[in-house]
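**Q** Sharing a model that was predicted from the sequence below.
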Amino acid sequence: MVNRVTMAENFPLFSSDQYKALVIGSNGALGAAFVDAFRSDPNCTYVEVVSRHSSSGFDLLNAESIHAQALMCSSMGPFEIIIDATGALEIDGVGPEKSLNSLNHEHLTKAFLVNAIGPALVLRHFSPLLAKGASTYAKLSARVGSISDNKKGGWYGYRASKAALNMMLQTAAIELQRKNINLRVVALQPGTVRSKLSSPFVGSQTTLLEPHTSVLGMLTALKNLSVKSGAHFIDYMGNEIPW
């Protein structure tokens, strides 16, 4: 049996002992682990959850549903931490392209909608729900979104959409920090986690992280993360990843 994440020894993340959290994509393996982590922490007074099953009909492919969900959540805030755990590796049952010959217009478009455009609109509509002062907006990204770290090639749509996401986060951080210099915007690389998303692509790899282990690492990294101009790009151990 996998133990639930216990965060009491690692929190508070922020200047105040008590905080509210919001998790978007709460039905995925990592999203659910984030929810468990916050609910197990006595310093967290409230956790708001958003998923495709939310009453608003929240859907990354539907801009109006994103706006509607943010309006619904606004009365529950402000939130000291917002986690966006959305994203997809497979698009309509098709995995990442391994070669140029595999590129397909529809598949590439959907990859950008799910991994970059949808999350950018989430950031637009949900960032106003952040608390003033020390607060954190963290979005799950991927190491393969690093341009300078790309040594193997392949995975065109996934790589490119995550790189676009990272640029969105960096650009938004610069703008949002003009109003709140204590805001941290973070692109998080969770490691290779045991989940439905990763299972078709890990092969015989045995060093898979359990979702709660990855989440504990990411939250600990967020706790220790300094405030800086622009966004951070880090892995679940707190190591910086080059853009």
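**A** Thanks, I have the structure now. Everything numeric here is computed off the predicted structure, so don't read it as measured data.

**Q** Need the pLDDT of residue 176.
**A** Looking at residue 176, its pLDDT stands at 98.

**Q** Excluding chain neighbours, give the residue nearest to it in space.
**A** Nearest residue to residue 176, sequence neighbours excluded (C-beta to C-beta, 6 or more residues apart in numbering): residue 183, at 5.5 Å. Using the backbone N, CA and C atoms, a C-beta is placed for each residue, glycine as well.

**Q** give me the number of residues near that neighbour?
**A** 21 (other C-beta atoms under 10 Å).

**Q** how near is it to residue 134?
**A** Computed as C-beta to C-beta, to the nearest Å, the residue 183 to residue 134 distance reads 8 Å.

**Q** could I get the longest helix seen in the chain in CSV with only the CA atoms?
**A** Identified as the longest helix of the chain according to DSSP state H is helix 156-176. Only the C-alpha atoms of helix 156-176 are listed here, as CSV (Å, rounded to 0.1, in the frame of the first residue of the first chain):
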residue,chain,number,x,y,z
TYR,A,156,8.2,16.7,-31.8
GLY,A,157,4.8,17.9,-30.7
TYR,A,158,5.3,17.2,-27.0
ARG,A,159,8.7,18.8,-26.9
ALA,A,160,7.6,21.9,-28.8
SER,A,161,4.3,22.4,-26.9
LYS,A,162,6.2,22.1,-23.6
ALA,A,163,8.8,24.6,-24.8
ALA,A,164,6.0,26.9,-25.8
LEU,A,165,4.4,26.5,-22.3
ASN,A,166,7.7,27.4,-20.7
MET,A,167,7.9,30.6,-22.7
MET,A,168,4.3,31.4,-21.7
LEU,A,169,5.3,30.9,-18.0
GLN,A,170,8.4,33.0,-18.3
THR,A,171,6.6,35.9,-20.1
ALA,A,172,3.7,35.8,-17.6
ALA,A,173,6.0,35.8,-14.7
ILE,A,174,7.7,39.0,-15.8
GLU,A,175,4.3,40.7,-16.2
LEU,A,176,2.7,39.4,-13.0
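
**Q** Which residues does it contact?
**A** With C-beta atoms under 8 Å, 6 or more residues apart in numbering as the test, helix 156-176 has contacts from 89, 91, 96-97, 100, 102-103, 107-108, 111-112, 114-116, 119-120, 123, 127, 137, 139, 141-142, 144-147, 150, 183, 185-187, 229-231, 233, 243.
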